[in-house]
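Colleague: sequence plus predicted model, see below.
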Amino acid sequence: MSLIAEFSIVSPLMREAEAAPEMVFYTEDIHLTQSGEGKHVFWASGDDFETFESALQADPTTKEYTCLTELDDRRLYRVTYPEDAVQELLYPKAAEHDMVYLDVTTTSEETRFRARIPTLEALKAYRQACEEEGIPFRLHRLYQEEPDEPAERFGLTPAQYEILVRAHEHGYFDQPRCITLEELAEEAEVTSSALGRRLRRALDTLIEQTVRSDAEELNDHFSSERDTT
């Protein structure tokens, strides 16, 4: 069973949050593109969007940004970071040690994370990376995770669960297919080869945890019956 770590850092990115101190930002997704740039998709809540967008425009660590959705009290943004600013995201270091961000909330004071970590050594390596970059790190809570989510019950990572659900909803498994692997990859903003590998791993894990698991239980059951006859 994996561990859940809750910690906070003062990130050198999202400096524009300081320009709009009453606003709060909730991360939806962080990933790297094939070209090495960083993509950050997040909700911004508050009432000072004009100031925030001006700060985004002026921030040298922001290559470009797009407002994807605009509601009454919140907006969904996608920010692109150039390759030389990606290291400050610390996302590559988290991915290197199989850490998965579950919740990321940013205010003008700090960015707070809830992350799934495979080992304590992984968390220590992440903390060391923060220290090397001069980024303050503070651990709030560390506890074991209870497997109550669908992805966890089947042994899938959140990314694997998401791509299986997305492929199913878009008719990838239909005959004929309603969407191609390339179109799925474009929607997820990853390469088709990377998405294909993730999809294959997800299917392999799902079969291992369900079909094969049930078959092994049946084989054990029949073997025990033969032994008693």
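Modeller: That came in fine, so what should we check first? Residues are numbered from 1 along each chain as shown.

Colleague: when you work out contacts or count neighbours from here on, use the C-alpha atoms and nothing else.
Modeller: Noted.

Colleague: and the nearest residue to Ile30 once chain neighbours are set aside, how close does it get to Ile4?
Modeller: Nearest residue to Ile30, sequence neighbours excluded (Cα to Cα, 6 or more residues apart in numbering): His40, at 4.7 Å. Using Cα to Cα, to the nearest Å, His40 is found at 22 Å from Ile4.

Colleague: just Ile117 next, same as before
Modeller: In terms of Cα to Cα, Ile117 sits 6 Å off from Ile4.

Colleague: low-confidence ranges in this structure?
Modeller: Along the chain, segments meeting pLDDT under 70 span 1, 12-13, 16-17, 87-88, 146-153, 211-229.

Colleague: how is it partitioned into domains?
Modeller: Domains of the chain are assigned by automatic domain parsing as 3-144, 150-225.

Colleague: what residues are bridge-paired with the residue nearest to Ile30?
Modeller: Per DSSP bridges, the residues bridged to His40 are Ile30, Val79.

Colleague: dump the helix or strand encompassing Lys93 to CSV, restricted to CA.
Modeller: Here Lys93 is covered by helix 91-96, with elements defined by DSSP states H and E. C-alpha atoms of helix 91-96 as CSV (Å, rounded to 0.1, in the frame of the first residue of the first chain):
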residue,chain,number,x,y,z
TYR,A,91,7.3,17.8,-11.9
PRO,A,92,10.2,15.9,-13.7
LYS,A,93,11.7,15.0,-10.3
ALA,A,94,8.3,13.8,-9.0
ALA,A,95,7.8,11.7,-12.1
GLU,A,96,11.3,10.3,-11.9
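
Colleague: and the helix or strand just after it, what does it pack against?
Modeller: Under the assignment DSSP H and E, the closest C-terminal helix or strand after helix 91-96 is strand 100-106. Contact here means 3 or more Cα pairs under 8 Å, 6 or more residues apart in numbering; DSSP states H and E; on that basis strand 100-106 packs against strand 24-32, strand 111-117.
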